[in-house]
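[1] Just need the structure, nothing else, for what follows:
(2 chains)
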2 protein chains.
Amino acid sequence: MSAIEDLVTELAKLPGIGRKTAQRLTFYLLKQPADAATRLADAIRTVRERVTTCGVCGTLTDDDPCAICRDPRRDASLLCVVEEASDVTAIERAGRFRGRYHVLGGRISPLEGIGPEALHPDRLVGRVANGAGVREVIIATNPSMEGEVTATYLQQLLKPTGVRVTRIARGLPVGGDLEYADGVTIAQALEARRDMAESD
Amino acid sequence: MSAIEDLVTELAKLPGIGRKTAQRLTFYLLKQPADAATRLADAIRTVRERVTTCGVCGTLTDDDPCAICRDPRRDASLLCVVEEASDVTAIERAGRFRGRYHVLGGRISPLEGIGPEALHPDRLVGRVANGAGVREVIIATNPSMEGEVTATYLQQLLKPTGVRVTRIARGLPVGGDLEYADGVTIAQALEARRDMAESD
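    Residues are numbered from 1 along each chain as shown, chains lettered A, B, ... in the order given. Below you'll find the model as predicted:
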């Protein structure tokens, strides 16, 4: 196989990258100065060599513990539970959450044969029960079937600890359009309605 | 900058890849076995190290001359002129053309200060005039303003050689919809209409 074909094949394995896009990217890299391609190749190598899992929260990080777990300004009494490290990035991007995280590394999915034990529930219980002062656990698993099952499981799991367990709100996405929203989302948005004085 | 941020930045430089997609790809590479990322990094390095320009047609290739120029079954009397090596791939994908190629490496663009000399017109004239038996030159530059200017220039350039110069057809894309086609394309499609017995 030629070097061009080889790169097209590797790029086309990436999610959301079809063969045509892979070809376009390959020719783009061939037209750029050689060091642009080298920087990208190095960045891919480095990310796999250097990035590890934070021993405290389980997110992906260069340093262990991660920058968020080390930051004394982050509120340790507020723990946000997410499925994946990419969810931490998404919430951090929003810039509103000042607590800490707990990354499950997945969600319960009977169809894929993923049970609760894959999420290392003892690690989460340990963090909540060890006297580190967690007052509230916000379950921010995805608003999908699996995410809801996982949320319910975690709520039951944490009940004996007496900690407050909350769930992120479901509703219409900001900037969204009622006309194009699905019925389930509209129903949830109606059910979770708040008095307007209460909202900010 | 962290290794994750670094890779996101490098990926986001690619055309059509925004920051969110770059983040998604980064986390994807982190979740895959390490050798998947290594293979991609190696393929990027190799493509820049190994791929060169074909000394005959100017396309990008591992070998010089390229596989198409070396293939004795390709019709040397038919020369298809394209702007970029990626256009060769696009035409080869269609699987209909059995002649050879000539890659200009760009198109005339007064706005970007690219004049005819950037296309090495002497190389094309040399290939047509050197007695290698080129009977027809198909100008397959893009159906854009710059592509048309380039096509007209090449037609004038080749006139003294006496070779037949043709232009790929413009019209409605197959599978396209009249309702969504722009007026210029519809006008071209009407003008270039053919008797139905003639078409295949």
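[2] Chain neighbours aside, what residue packs nearest to A:Leu29?
    Excluding its sequence neighbours, the residue lying closest to A:Leu29 (C-beta to C-beta, 6 or more residues apart in numbering or on different chains) is A:Ala37, at 4.7 Å. Glycine gets a C-beta too; all of them are placed from N, C-alpha and C.
[3] pLDDT at the one you found, what is it?
    Looking at A:Ala37, its pLDDT is 93.
[4] Convert stretch A:129-145 to CSV, retaining C-alpha atoms only.
    Once non-C-alpha atoms are left out, stretch A:129-145 reads as follows in CSV (Å, rounded to 0.1, in the frame of the first residue of the first chain):
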residue,chain,number,x,y,z
ALA,A,129,-17.6,8.5,52.6
ASN,A,130,-14.0,9.2,53.5
GLY,A,131,-14.7,12.4,55.4
ALA,A,132,-13.4,14.7,52.7
GLY,A,133,-16.5,16.8,53.2
VAL,A,134,-18.5,16.1,50.0
ARG,A,135,-21.9,17.6,50.6
GLU,A,136,-23.5,17.2,47.2
VAL,A,137,-23.0,14.7,44.3
ILE,A,138,-24.3,16.0,41.0
ILE,A,139,-25.0,13.1,38.6
ALA,A,140,-24.1,14.5,35.1
THR,A,141,-24.3,11.2,33.2
ASN,A,142,-25.8,11.7,29.7
PRO,A,143,-29.5,12.1,29.3
SER,A,144,-29.6,8.8,27.4
MET,A,145,-31.2,5.5,28.4
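[5] can you tell me if it touches chain B.
    No - using C-beta under 8 Å from any C-beta of the partner chain, we find that stretch A:129-145 stays clear of chain B, coming within 14.3 Å at best.
[6] what sits up against that stretch?
    Under the contact criterion C-beta atoms under 8 Å, 6 or more residues apart in numbering or on different chains, stretch A:129-145 has outside partners A:76-83, A:87, A:91, A:99, A:102, A:104, A:107, A:127-128, A:147-148, A:150-151, A:154-155, A:158, A:161, A:163-168, A:170.
[7] Any of those residues buried? List them.
    A:78-83, A:87, A:91, A:99, A:102, A:104, A:107, A:127-128, A:147-148, A:150-151, A:154, A:158, A:163, A:165, A:167-168 (16 or more other C-beta atoms under 10 Å in any protein chain shown).
[8] The lengthiest strand in chain A near chain B anywhere?
    The longest strand of chain A (DSSP state E) is strand A:75-82. No - using C-beta under 8 Å from any C-beta, strand A:75-82 stays clear of chain B, coming no nearer than 12.2 Å.
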